[in-house]
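# need coordinates for the below:
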Amino acid sequence: MGIEKVNTLGNINVSVEAIASLAGAAATECYGVVGMASQKVVKDGFATLLRKENYSKGIVVREVDGSIELDLYIVVAYGMKISEVVNEVQKRVKYMLEKTLDLEFKSVNIYVQAVKMIK
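Okay, the predicted model is just below:
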């Protein structure tokens with residue numbers, strides 16, 4: 001499954017993995033984000049951090065009525081104001097994806113899976 005865009009020169013197909021990779025890279029650059037987490041919390045309530053090649057496991061991309069919705073699952077650093085971190089991640093991811101892909105994003109939903117102490 002992918003997102004298809006048609007222009008005067010032809011068709012452009014963007015895979016879900018490409019969108020997830022771009023969104024994950026933009027999210028992990030934000031201050032206070034430790035990394036991306038899996039959608040499914042491992043038993044005992046622990047969330048595992050994902051590597052760059054697995055960002056698609058922590059991001060859900062849906063196409064709804066011609067626009068795209070994203071669900072991102074992140075891990076936040078201990079001591080950070082979660083609402084500020086989430087707000088910054090939403091703004092940065094939406095801006096980066098709209099600028100890069102020239103697609104309309106309806107919503108960017110952020111789910112904090114864990115809070116982790118940074119050494």
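# secondary structure element for the residue nearest to residue 39 when sequence neighbours are not counted?
Nearest residue to residue 39 in three dimensions, chain neighbours excluded: residue 73, at 5.4 Å (C-beta to C-beta, 6 or more residues apart in numbering). (Each C-beta comes from the backbone N, C-alpha and C, glycine too.) According to DSSP states H and E, residue 73 maps onto strand 67-77.
# that strand pairs with which strands, and in what direction?
strand 33-36 (antiparallel), strand 59-64 (antiparallel), strand 105-116 (parallel) (DSSP bridges).
# Serialize those to JSON lines and add fields for distance to residue 83 and mean pLDDT.
Shown next, in JSON lines, are the strands paired with strand 67-77 (distance: least, C-beta to C-beta, whole Å; pLDDT from 0 to 100):
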{"stretch": "strand 33-36", "distance to residue 83": "14", "mean pLDDT": "88"}
{"stretch": "strand 59-64", "distance to residue 83": "21", "mean pLDDT": "85"}
{"stretch": "strand 105-116", "distance to residue 83": "10", "mean pLDDT": "90"}
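# what packs against the next helix or strand after the strand holding residue 73?
Downstream of strand 67-77, the next assigned helix or strand under DSSP H and E is helix 82-101. Here helix 82-101 touches helix 16-28, strand 67-77, strand 105-116, going by 3 or more C-beta pairs under 8 Å, 6 or more residues apart in numbering; DSSP states H and E.
# which other residues reach the longest one?
The contact list for helix 16-28, computed with C-beta atoms under 8 Å, 6 or more residues apart in numbering, reads 1-3, 33, 35-36, 50, 52, 55-56, 58-59, 61, 68, 70, 72, 74, 89, 92-93, 96-97, 100-101, 108.
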